[in-house]
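**Q** fold the stuff below for me.
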Amino acid sequence: MPFFGELFVSEIIKKPVLDPKGEELGKVKDIIVVKGEPFPKVSNLIIDRKKNHYILSWTDLNIFNKKIISAKIYSESLNEYDFDENDLLIVRDIFDKQIVDANGAKVVRVNDVKLEGYESEAILVAVDVGMRGIMRRLGIERGGEDLMRIFRKHLPYNLISWNYIQPLEPKLTNISLTVPRQMVSELHPADIAEIISQVSHKEGATFFKELDVETAAEALSELQPDVQVEIISGMETEKAADIIEEMQPDEAADVLSDLPVDKAKEILEQIEKEEAQDIQELLSHEEDTAGGIMTNVYISYLPETTVQEAIEKFKKDAEEVETVYYIYVIDENEKLVGVISLRDLLLAPSDAKLSDIMKRKIKTVTPETDEQEVAEIVSKYNLVAIPVIDSENYMLGIVTIDDIIDRILPPAAKRKRRKV
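**A** Numbering: from 1, shown residues only. I've put the predicted structure just below:
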């Protein structure tokens, strides 16, 4: 067994390889790995000798550790090596590649690779994504440890086990993790979106496709429009429709408005009729207006509803609504007659009618109201949502404070909505 103990690849790069007599065959340039059980294993060393490269089989090694590397063969038995894209090399293909660290909800880079002995093989057991890996490659790991010791601190290891890494293949540009779906679904949608945005388009699309429908819908709404378009355009229509259908209507309309018209229509045809109509209604409004940023999902009850009845209904209805700030009171014709904050609802007598506790003087906007004016009204009157009504006082939807922030604060992220 030529391998003893454990080591990091950076510790043996440029290390001399000796023949049976102790003469130098060359210095380690890189390591070829192949599939193995339970982990990938070392198959060959690439050694550099007088600016020429040679391949040394693992089976031709006698000793392999961080102190000494020796072979069973002499220089005349070495074969020259031309770097092949079909081979998977640790330094060339794995070092500095991006991987998704779902525990930290971020993208990190491979700074080093850890090897361990397993039976008669050297296997890849982990990647180092921490500061230790960087310092080790620079040759200052020991100095870093000494410095941390002065401050009575420890230089931590930051390793990701190969258990979580997807099978490697030649020509890879990124490394992905086989993260349990439950772990990913527990991340905040904004963290998932950030991960997708930082990796390559191909890796981001693959990561997204592995999400469950609910998580995918939440993450999609956090992505930039161009990334949304690329991901949804590359998906099967049925799967895309499932995700769009899971989103809030206003967010779904934002995504569809950026897609090619034909693709958007295909998706709409796959969505349930009632929800498709809600989205179509939002798409009919001009951008940069209250109608363009409103959602038509809100909670409303009739005036004669009691507080107790409203609370019981609210427990069920609120499950389908993303953000709830107020209860809107509408008559039989769906005209807005009042509004009640959740605080006032909970503090009111249970037998009181909504008509008894609602506020009748309501700040409203029309679908045509400019979004900047909507923002000014919300700010002036300290509102967290404002109803959108037509000329006859019919309730059309609401604009929430987060809708305004999403559209007004980051101009670069504003969506150009197009009618579909």
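**Q** end to end on stretch 278-287, go ahead and measure it.
**A** With C-alpha to C-alpha, to the nearest Å as the measure, the ends of stretch 278-287 fall 17 Å from one another.
**Q** how about that stretch: buried residues?
**A** Buried positions in stretch 278-287, judged by neighbour count with 16 or more other C-beta atoms under 10 Å: Asp278, Ile279, Gln280, Glu281, Leu282, Leu283, His285, Glu287. Every C-beta, even on glycine, is put in place using the N, C-alpha and C of the backbone.
**Q** stretch 393-403 now?
**A** Residues of stretch 393-403 classed as buried by neighbour count (16+ other C-beta under 10 Å): Asn393, Met395, Leu396, Gly397, Ile398, Val399, Thr400, Ile401, Asp403.
**Q** filter these down to the ones in helices?
**A** Mapping the buried residues of stretch 393-403 onto helices (DSSP state H) picks out Ile401, Asp403.
**Q** could you export the buried residues of stretch 393-403 as CSV, including pLDDT and distance to Ile47?
**A** Listed next are those as CSV, based on pLDDT from 0 to 100; distance: C-beta to C-beta, whole Å:
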residue, pLDDT, distance to Ile47
Asn393, 94, 83
Met395, 93, 76
Leu396, 93, 73
Gly397, 92, 69
Ile398, 94, 69
Val399, 93, 67
Thr400, 90, 64
Ile401, 89, 64
Asp403, 81, 62
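**Q** closest to Tyr54 among the buried residues of stretch 393-403?
**A** In terms of C-beta to C-beta, no member of the buried residues of stretch 393-403 lies closer to Tyr54 than Asp403, at 63.9 Å.
**Q** which ones are touching the closest one?
**A** By C-beta atoms under 8 Å, 6 or more residues apart in numbering, the contact list for Asp403 reads Asp250, Ile293, Met294, Thr295.
**Q** show me which pair in the residues you listed is furthest apart.
**A** Among the contacts of Asp403, Ile293 and Thr295 lie farthest apart (C-beta to C-beta), at 8.5 Å.
**Q** widest-spaced pair of the buried residues of stretch 393-403?
**A** Asn393 and Ile401 (23.1 Å).
**Q** for the stretch 51-200 of the chain, what spans make up the strands?
**A** Assigned by DSSP state E, counting those that start in this stretch, the strands in the stretch 51-200 of the chain fall at 52-57, 61-64, 69-71, 79-80, 88-89, 98-101, 106-109, 112-118, 121-128, 159-161.
**Q** helices and strands of the protein: which one bottoms out on pLDDT?
**A** helix 181-185 (a mean of 58; mean pLDDT, DSSP states H and E).
**Q** would you mind writing the CA trace of stretch 205-215 as CSV?
**A** The C-alpha trace of stretch 205-215 is given here as CSV (Å, rounded to 0.1, in the frame of the first residue of the first chain):
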residue,chain,number,x,y,z
ALA,A,205,-30.6,26.0,-14.3
THR,A,206,-29.7,22.6,-13.1
PHE,A,207,-29.9,23.7,-9.5
PHE,A,208,-33.3,25.3,-10.1
LYS,A,209,-34.8,22.3,-11.8
GLU,A,210,-34.0,20.2,-8.7
LEU,A,211,-36.1,22.4,-6.5
ASP,A,212,-39.6,21.4,-5.6
VAL,A,213,-42.4,23.4,-7.2
GLU,A,214,-43.1,25.6,-4.1
THR,A,215,-39.5,26.4,-3.4
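**Q** if you skip the residues just before and after it, what's nearest to Tyr381?
**A** Distances taken as C-beta to C-beta, 6 or more residues apart in numbering place Lys363 nearest to Tyr381, at 5.5 Å, with adjacent residues excluded.
**Q** the one you found and Val261: what is the separation?
**A** Separation of Lys363 from Val261 (C-beta to C-beta, to the nearest Å) stands at 36 Å.
**Q** do the same with Glu194
**A** In terms of C-beta to C-beta, Glu194 sits 30 Å off from Val261.
**Q** what residue lies at the spatial centre of this protein?
**A** Ile192 (2.4 Å; C-alpha atoms, centre = their mean).
**Q** my read: it touches Leu220, true?
**A** No - under the criterion of C-beta atoms under 8 Å, Ile192 makes no contact with Leu220, lying 9.4 Å away.
**Q** what is the neighbour count of Glu236?
**A** Glu236 has 9 neighbours, counted by other C-beta atoms under 10 Å.
**Q** check Asn111 too.
**A** Residues within reach of Asn111, counting by other C-beta under 10 Å, total 21.
**Q** now Gly117
**A** Neighbourhood size, Gly117 [other C-beta under 10 Å]: 18.
**Q** check Glu116 too.
**A** Number of residues near Glu116 (other C-beta under 10 Å) recorded here: 16.
**Q** same check, this time on Asp87
**A** The number of residues packed around Asp87, counting by other C-beta under 10 Å, is 20.
**Q** identify the residue spatially nearest to Glu246, adjacent ones excluded.
**A** Ala217 (3.7 Å).
**Q** assign a three-state SS to the one you found, would you?
**A** The three-state label given to Ala217 by DSSP: H, G, I helix; E, B strand; the rest coil is helix.
**Q** next: Ser43.
**A** Under three-state DSSP, Ser43 falls in the strand class.
**Q** who touches it in this structure?
**A** So Ser43 contacts Ile32, Val33, Val34, Ser57, Trp58 (C-beta under 8 Å, 6+ apart).
**Q** among those residues, who's most crowded?
**A** Using other C-beta under 10 Å as the neighbour test, the contacts of Ser43 are led by Val33, with 24 neighbours.
**Q** check contacts around the nearest residue to Glu24 once chain neighbours are set aside.
**A** The spatial neighbour of Glu24 that comes closest, neighbours along the chain excluded (C-beta to C-beta, 6+ apart), is Pro16 at 4.8 Å. Contact analysis of Pro16 by C-beta under 8 Å, 6+ apart lists Glu24, Leu25, Gly26, Lys27, Ile69.
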